[in-house]
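> have a look at this prediction, sequence included:
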Amino acid sequence: MRVLNCLLFIAGLIGGAGVVSAAGLTTFPVVIKGGQIIPARLEVPAGIKIKLTIRNEGPGPCEFENLDLRVEKVLAPGASSFVVIHPLKPGSYRFFDEFHPSTSEMLLIAK
Amino acid sequence: MLNALIVVWRESLEAMLVIGILLAWISRQPEPVPLRRGVWLGVLAGLGLAVALGFATFATFAAQSQLQGEALEAFQVGMVLFAAALIVQMVIWMRRHGRRMKQQLEEQAGKASGAIGIGVVTALAVAREGAETVVFLYGLGLEAGGTALLGLAGAAAAGFALAAASGWIIARGARFLSYRVLFRTSEILLLFIAASLLAAGIDRMIGMDWLLPLLDPVWDVSALLDDRQGAGRIMADFLGYRARPSGTLLIAYAAFWALALGGLACLGRDSGGRASGGNAPAGGKN
């Protein structure tokens, strides 16, 4: 039990120290519809924290995913969520819908 | 259809791996029946929780509220971290159980709590990936409809059966290992699964801006072993491997391994004097 308590305590400590408001960030909307991610190409500024809002307009569920940034969001049709992207190095990052891997792709270009 | 098979297989594999390891370990114990029952009850509870969580994911769309989305997110983070902590706790329990098997046998209470612990770990392992599978299948079902639904159900069942077969092979194959090897392998695998759960929780919290990544990435070894595909991706999913780890994740890993290995080392020291037989119990088939 001591180990469990310790783990929880450390998790709480890290969590408490790192909490920052996600409000007021530069926000970019992303829509997923019919197995496609819109826009297919999104340019964002590099080196600053940004926020992507993701909306799934259906008809099916989706899993918005990027393997470089370890983003993974499962969204039911009609659901919306967000993900905060911490300062990026310039470059391109490929997002896709894991439930529709063949039709969906969005390139996030950080400049 | 192939997509459904692969998604279901991949999502169930982790749970099957945990179940396979636990069953292999349990079959070497002198009184396996209550522990085995713990596993199967855990599977049932986990399936129930997975369905509930899957529907909670769907229910949030009706309200469209970001607050509910965040609450669900927080719940999922809490679940993976709790599962990681519980697995560590269970590995320590397993070692202690192996050491003091004879006393443990007479302790009814000790046996019951062991079965409950094993049940809860199994339930969380099943619920975590199961919830995603529920969302995926339910959604695909909505999209498909009619006769396509049958093919979908077939593909999902095939994926599930494949994963179950993988778990079964692990449990069966483990029979050929000596008790000591089996015991060490289970310990190490379970701890790595716990580490991968911790990593999933940390990554999720960074994405919600609840945690800062600190230096990100600290290093980049994706040229050596890429965590986006092939073996690297499997290691990322099951062992928590990251080719480009963030500072926060490394700190969490350091704390995790220090606690887990430190806890096990402490246990080795203070039970070393009391236990007579070391790791190999009298009842183990070597």
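Good, I have the coordinates. Numbers count the residues shown, from 1 in each chain, chains lettered A, B, ... in the order given.
> my read is that residue A:45 contacts residue A:110, right?
Yes - in terms of Cβ atoms under 8 Å, residue A:45 counts as a neighbour of residue A:110; the distance is 7.2 Å. Just so you know, the C-beta spots here come from the backbone N, C-alpha and C atoms, and that holds for glycine as well.
> need the residues touching each of the two.
By the contact definition Cβ atoms under 8 Å, 6 or more residues apart in numbering or on different chains, residue A:45 and residue A:110 are jointly contacted by no residue.
> which of those two has more neighbours?
Legend: neighbour count by other Cβ atoms under 10 Å in any protein chain shown for residue A:45 and residue A:110, higher for residue A:110 (19 against 13).
> now for the residue most central in space within chain A: which residues touch it?
Most central in chain A under Cα atoms, centre = their mean is residue A:83, positioned 3.7 Å from the mean C-alpha point. The contact partners of residue A:83, by Cβ under 8 Å, 6+ apart, come to A:51-52, A:54, A:64, A:71, A:73, B:207-208.
> what are the boundaries of the helices in the stretch 101-250 of chain B?
Assigned by DSSP state H, counting those that start in this stretch, the stretch 101-250 of chain B shows helices spanning B:101-106, B:108-144, B:148-173, B:179-207, B:230-239, B:247-272.
> what helices and strands are in contact with the second one?
Other elements packing on helix B:108-144 under the criterion 3 or more Cβ pairs under 8 Å, 6 or more residues apart in numbering or on different chains; DSSP states H and E are strand A:71-75, helix B:2-27, helix B:32-63, helix B:66-99, helix B:101-106, helix B:148-173.
> among these, which is nearest residue B:139?
Proximity to residue B:139, assessed across the helices and strands packed on helix B:108-144 by Cβ to Cβ, is greatest for helix B:32-63 (8.2 Å).
> out of the helices of the stretch 101-250 of chain B, flag the one nearest residue B:80.
Nearest to residue B:80, of the helices of the stretch 101-250 of chain B and by Cβ to Cβ, is helix B:179-207 at 4.2 Å.
> pLDDT below threshold where in chain B?
Under the criterion pLDDT under 70, the flagged ranges of chain B are B:1, B:59-68, B:99-111, B:143-147, B:268-286.
> residue closest to the middle of it?
When chain B is reduced to its mean C-alpha position, the closest residue under Cα atoms, centre = their mean turns out to be residue B:125, at 4.5 Å.
> residues contacting that residue?
Contacts here follow Cβ under 8 Å, 6+ apart; on that basis residue B:125 touches B:14-15, B:18-19, B:46, B:83.
> and those, which is closest to chain A?
Chain A lies nearest to residue B:83 out of these, by Cβ to the nearest Cβ, at 11.2 Å.
> ok, the closest one - how many residues close by?
The tally of other residues near residue B:83 (other Cβ under 10 Å) stands at 23.
> can you list contacts of stretch B:130-139?
For stretch B:130-139, the surrounding residues in contact (Cβ under 8 Å, 6+ apart) are A:60-61, A:63, A:74, A:76-77, A:99, B:4, B:7-8, B:11-12, B:15, B:46-47, B:49-51, B:53-55, B:57-58, B:152, B:156.
> pull the CA atoms of it into PDB?
Output of stretch B:130-139 as PDB, limited to C-alpha atoms (Å, rounded to 0.1, in the frame of the first residue of the first chain):
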ATOM      1  CA  GLY B 130     -12.400  -2.500 -24.300                       C
ATOM      2  CA  ALA B 131     -14.000   0.900 -24.000                       C
ATOM      3  CA  GLU B 132     -12.300   2.000 -27.200                       C
ATOM      4  CA  THR B 133     -13.300  -1.100 -29.000                       C
ATOM      5  CA  VAL B 134     -16.900  -0.600 -27.900                       C
ATOM      6  CA  VAL B 135     -16.900   3.000 -29.400                       C
ATOM      7  CA  PHE B 136     -15.200   1.800 -32.600                       C
ATOM      8  CA  LEU B 137     -17.600  -1.200 -33.100                       C
ATOM      9  CA  TYR B 138     -20.700   0.700 -32.200                       C
ATOM     10  CA  GLY B 139     -19.800   3.500 -34.500                       C
END
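> quick one: it to chain centroid distance?
The gap between where stretch B:130-139 is centred and where its chain is centred comes out at 18 Å by Cα atoms, centre = their mean, to the nearest Å.
> give the buried residues for that stretch.
Judged by neighbour count using 16 or more other Cβ atoms under 10 Å in any protein chain shown, the buried positions of stretch B:130-139 are B:130-139.
> can I get those in JSON lines including distance to residue B:199?
Written out in JSON lines, the entries for the buried residues of stretch B:130-139 read as follows (distance: Cβ to Cβ, whole Å):
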{"residue": "B:130", "distance to residue B:199": "20"}
{"residue": "B:131", "distance to residue B:199": "18"}
{"residue": "B:132", "distance to residue B:199": "17"}
{"residue": "B:133", "distance to residue B:199": "21"}
{"residue": "B:134", "distance to residue B:199": "23"}
{"residue": "B:135", "distance to residue B:199": "22"}
{"residue": "B:136", "distance to residue B:199": "22"}
{"residue": "B:137", "distance to residue B:199": "26"}
{"residue": "B:138", "distance to residue B:199": "27"}
{"residue": "B:139", "distance to residue B:199": "26"}
